[in-house]
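Novice: only geometry, no sequence info:
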DNA sequence: ACTTGACACCTAGCAATGCTAGGTATACGA
DNA sequence: TCGTATACCTAGCATTGCTAGGTGTCAAGT
């Protein structure tokens, strides 16, 4: 899969993963790999900046884990949850349109 | 729909539209609007550069229409037809993955 | 005759974003 | 001890859709 295919949709995927419960960055990468059956093996250089972007936008909030390894744990904010809903709707519309044109 | 959603998928949409028969640029824009039920109202500044890109990549070929208005008519090359097949497959995979993660 | 709008093409420069490639550091098993 | 996995980070690049501007033709309305 070309990397460009993901553009504009990564944020929604991350929000969806974090909506199941707080996760740290590395675990988010693993979870994306898992849920996609291995297809979505995103490099850290893709995901970490995206997390910072989402936090700056107020859609995620983070804190350093007290124990164990140095981990920044992200959780969904109320705004992030609303945005996830919007993005899911947008995905519906987008995929419907693409299907219609490609068919 | 955010414009970024389209990124990386526009080429496939254009190839699909042209695969039904040669069309000039403006008509391609109209056809995309039509097939998407009005959702895909793409500005010329998006489509024309994309057409040049696709022609430079050897996926489309063009010629000026002899009669009537000044029109550059695009048609699919053999390479373009193959690429369209690849892109359709890629879309399948991509949308499956997104569904799996968003669900 | 003039004006408006649709048709039809083009491009420079911008903004967003995923990736490459590099860096740092800890923990654990061979 | 040495490699591998875990875990974080960033600068700079390449791609790409869009904005905003430009040119010109043609038909219809006033």
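Specialist: Thanks, I have the structure now. Note that this is a predicted model, so its numbers are computed, not measured.

Novice: rest of the way, CA atoms for contacts and neighbours
Specialist: Fine.

Novice: neighbours of residue A:85, how many?
Specialist: 14 (other Cα atoms under 10 Å in any protein chain shown).

Novice: and it, helix, strand or coil?
Specialist: Put simply, residue A:85 is helix when judged by DSSP: H, G, I helix; E, B strand; the rest coil.

Novice: name the residues that touch the helix or strand harbouring residue A:13?
Specialist: Assigned by DSSP states H and E, residue A:13 belongs to helix A:10-18. For helix A:10-18, contacts defined as Cα atoms under 8 Å, 6 or more residues apart in numbering or on different chains pick out A:28, A:31-32, A:50, A:54, A:60, A:74-76, A:80-81, A:84, A:87-88, B:98, B:101-103.

Novice: close to DNA strand C, is it?
Specialist: Yes - looking at helix A:10-18 against DNA strand C by Cα under 7 Å from any atom of the strand, the contacts come from A:10, A:11.

Novice: show me the contacts for residue A:64.
Specialist: Per Cα under 8 Å, 6+ apart, neighbours of residue A:64: A:70, A:71, A:72, A:73.

Novice: whichever of those end up buried, select them in ChimeraX.
Specialist: Listed next is the ChimeraX selection for buried residues among those, using 16 or more other Cα atoms under 10 Å in any protein chain shown:
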select /A:71,73
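
Novice: mind giving me CSV with the contacts of residue A:64 and columns for pLDDT?
Specialist: Formatted as CSV, the contacts of residue A:64 follow (pLDDT from 0 to 100):
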residue, pLDDT
A:70, 87
A:71, 95
A:72, 97
A:73, 98
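
Novice: filter the contacts of residue A:64 down to the ones near DNA strand D?
Specialist: A:70, A:71, A:72, A:73.

Novice: circling back: close to DNA strand D, is the helix holding residue A:13?
Specialist: No - counting by Cα under 7 Å from any atom of the strand, DNA strand D has no neighbours in helix A:10-18; the shortest distance is 12.9 Å.
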